[in-house]
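Visitor: Sharing a model that was predicted from the sequence below.
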Amino acid sequence: MRDNSVMRWCLIVMLAASVAHGRSLVDVEYAQVQGQALRMDGFVPEGAGPYPAAIIVHGGAWVTGDKARSVRPLFKPLTDSNVAWFSINYRLARGANPESLVSLDGLAALTSASDDVRSAVDYVRAHATEWNVDPNRVVLIGESAGAHLASMAALRPGPAKPVQGVVAFYSPSDLVNLVETSPRIPDMLRNLLKNSPFATMLMAGLKQLSPQTWITKDAPPFLMIHGTADSLVPVQQSETMCGALRGSGATCELFEVPGAGHGINFWEGQASLMAYKAKMMDWLKSLLTSRLQ
């Protein structure tokens with residue numbers, strides 16, 4: 001118990017140190033589902049605002065990851081630009097690896113996690129006055145599995161007002177294609193599924209859970225950021241998604257990071273891979289300024 005308290009205190013100190021002027025939030029409960037508390041960390045700039053807000057969704061193949069560690073490189077650029085940010089945890093799929101998602105339970109887990117992202121958007125908007133946030137300037141930023149969930153929440157917002165934009169890092173956008181081609185899926189499992197009734201059901205479910213399926217001309221603007229050397233989620237996933245968005249009449253920009261693999265934490269400390277931060281903030285500033293109410 002003492003170790004948990006020390007870890008929590010260290011996290012608070014670390015978040016506070018990263019912000020010169022503003023309010024840090026740690027472990028705020030934004031929803032409770034089936035007895036599980038869903039929590040977010042965040043930062044709100046000092047001043048009257050209202051400030052634009054970014055909701056950050058971590059990656060981890062839908063089975064792991066954390067709101068503090070997995071997406072830490074994104075905090076400072078947003079903080080320095082006076083963008084309020086809220087980094088969320090969500091319900092993770094059961095199982096120790098991504099292969100566990102090749103199941104009906106796995107499909108249900110992805111649906112639940114997308115719902116959690118929508119709940120976080122609703123919660124931030126509901127507390128907009130308290131946190132000096134502009135509810136009409138809310139964007140989603142996700143990496144890897146989190147980019148998939150952010151994209152799904154943006155493209156299928158439900159009854160709530162859509163978000164104003166999405167930044168998607170190396171996003172799995174076509175899950176059918178990914179399952180058919182990913183080296184993470186064992187050939188033995190792929191062969192067992194081949195031509196079976198279950199495979200038909202699974203592929204239909206994966207198509208329904210693919211952001212690319214839900215593109216319309218009304219989709220919010222997307223910025224897709226992807227490393228050209230990504231072997232886990234090939235850059236072609238973002239190329240195809242961006243092309244489909246543009247083809248529908250929506251707006252999408254693809255920013256490729258030459259030589260980068262999978263994961264912004266692995267990009268840190270390599271000067272040649274850091275240009276994405278300035279690109280992300282320039283894109284967000286342009287987008288959010290144009291949406292001033």
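Guide: Structure received.

Visitor: Near the residue lying closest to residue 259 once chain neighbours are set aside, how many other residues are there?
Guide: Of all residues not flanking residue 259 in the chain, residue 229 sits nearest, at 5.3 Å (C-beta to C-beta, 6 or more residues apart in numbering). Heads up, the C-betas are built off the backbone N, CA and C, glycines and all. Neighbourhood size, residue 229 [other C-beta atoms under 10 Å]: 12.

Visitor: hey, where'd the strands end up in this structure?
Guide: Assigned by DSSP state E, the strands in the chain fall at 22-33, 36-45, 51-57, 84-88, 133-143, 165-169, 222-227, 252-257.

Visitor: And those strands: which comes nearest residue 112?
Guide: Closest approach to residue 112 among these is made by strand 22-33 (7.6 Å; C-beta to C-beta).

Visitor: Counting by contacts, list what the closest one packs against.
Guide: Packing contacts for strand 22-33, counted by 3 or more C-beta pairs under 8 Å, 6 or more residues apart in numbering; DSSP states H and E, involve helix 2-17, strand 36-45, helix 104-126.

Visitor: what's the offset of it from the middle of its chain?
Guide: Centroid separation for strand 22-33 versus its chain: 17 Å, with C-alpha atoms, centre = their mean, to the nearest Å.

Visitor: For it, give me every contacting residue.
Guide: Here strand 22-33 makes contact (C-beta atoms under 8 Å, 6 or more residues apart in numbering) with 8, 11-12, 15-16, 37-46, 79, 86, 88, 91, 112, 116, 119-120, 123-124, 131.

Visitor: And for stretch 36-45?
Guide: 11, 15, 18-19, 21-32, 51, 67-68, 75, 78-79, 82-91, 116, 119-120, 123, 131-133.

Visitor: List buried members of these by neighbour count.
Guide: The neighbour-count test (16 or more other C-beta atoms under 10 Å) marks 11, 15, 19, 22, 24-26, 28, 30-31, 51, 67-68, 75, 78-79, 82-91, 116, 119-120, 123, 131-133 as buried among the contacts of stretch 36-45.

Visitor: what's the weakest-modelled helix or strand in the chain?
Guide: Sorted by mean pLDDT, DSSP states H and E, the helices and strands of the chain end with helix 2-17, the least confident at a mean of 50.

Visitor: Wait, residue 71 touches residue 145, no?
Guide: No: Residue 71 is beyond contact range of residue 145, at 11.7 Å (criterion: C-beta atoms under 8 Å).

Visitor: what sits in contact with each of those two?
Guide: residue 59.

Visitor: Which one's more surrounded, the two?
Guide: Neighbours per residue, other C-beta under 10 Å: of residue 71 and residue 145, the larger number sits with residue 145, 29 against 26.

Visitor: Now for the more buried one: which residues touch it?
Guide: 59, 60, 61, 62, 65, 172.

Visitor: one more time with 6 Å, if that's ok
Guide: Residues near residue 145 by C-beta atoms under 6 Å, 6 or more residues apart in numbering: 59, 60, 61, 62.

Visitor: which residues of the stretch 1-150 of the chain score low on pLDDT?
Guide: Within the stretch 1-150 of the chain, the segments meeting pLDDT under 70 span 1-20, 95-104.

Visitor: how many neighbours does residue 218 have?
Guide: 10.

Visitor: distance of it from residue 249?
Guide: Separation of residue 218 from residue 249 (C-beta to C-beta, to the nearest Å): 9 Å.

Visitor: Thanks a lot, catch you later.
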